[in-house]
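In: dropping a prediction and its sequence here:
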Amino acid sequence: MAKHGIEAHHLQDYLVECLQIAVDNAAKDARLYLTQYIMDHWYSKYSPRVYKRTFDFVGSASKTDTTVSGRNGSSVICMLFFDTKKIRSVYYGPEYLNPHTSFEGRSTAEYIPTWIENGAWFYGRGKTEGLGSMEATIKYLEKNFPTMVRKELQKMGLNVKVSG
């Protein structure tokens, strides 16, 4: 009599891989939510509408690769962040207002997400209120993440319930 079956660790490895893919896809959706929030609440109010660096900030919204850690792959992690290397700075000289650059020629791009998120004074715009796009995205994820992951797992043929 032949025996057929699957070893538990193979099944566990498969499920962890599926979860990793589901979390990665949900994070891609969250990044899209973040960029749309920025477009709707920041760029729609900006003048001029388009110029050379217009989409540097929204384009800096990024996600890390999804990683698995913990005992038996118990944690699947993916993070959203602003990659300030994608925000260009230009230095014309110490006598000019340099886009995203200090008077000394040092890039200030690393501060731009903080200034936009929390509010700051911008040349030509004056004092701005903080955008709060990350906070809005966190609230979105707190409400929708379990459903997002469940839908991704269902696309893979796994009928699961996700709590959260």
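Out: Cool, the structure landed.
In: need the longest helix for the chain.
Out: helix 8-41 (DSSP state H).
In: now for the helix or strand following it, which elements pack on it?
Out: Going down the chain from helix 8-41, the next helix or strand is helix 56-59, by DSSP states H and E. Here helix 56-59 touches helix 8-41, helix 112-118, going by 3 or more CB pairs under 8 Å, 6 or more residues apart in numbering; DSSP states H and E. C-beta here means a position set from N, CA and C on the backbone, and glycine is covered the same way.
In: what's the weakest-modelled helix or strand in this structure?
Out: The helix or strand of the chain with the poorest confidence is strand 121-122; it has a mean of 71 (mean pLDDT, DSSP states H and E).
In: and the next helix or strand past that strand?
Out: Sequence-wise, the next helix or strand downstream of strand 121-122 (DSSP H and E) is strand 126-127.
In: in its sheet, what does that following strand sit against?
Out: Counting by DSSP bridges, the strands paired with strand 126-127 are strand 121-122 (antiparallel).
In: now the residue nearest to the spatial centre of the chain: closest residue in space that isn't a chain neighbour?
Out: In the chain, the centroid-proximal residue (CA atoms, centre = their mean) is Leu80; its distance is 3.1 Å. Excluding the flanking residues, the one nearest Leu80 by CB to CB, 6 or more residues apart in numbering is Lys63, at 5.3 Å.
In: over to Trp121?
Out: Trp121 sits nearest to Lys127 (CB to CB, 6+ apart), 5.1 Å away.
In: who touches the one you found in this structure?
Out: When contacts are counted by CB atoms under 8 Å, 6 or more residues apart in numbering, Lys127 touches 119-121.
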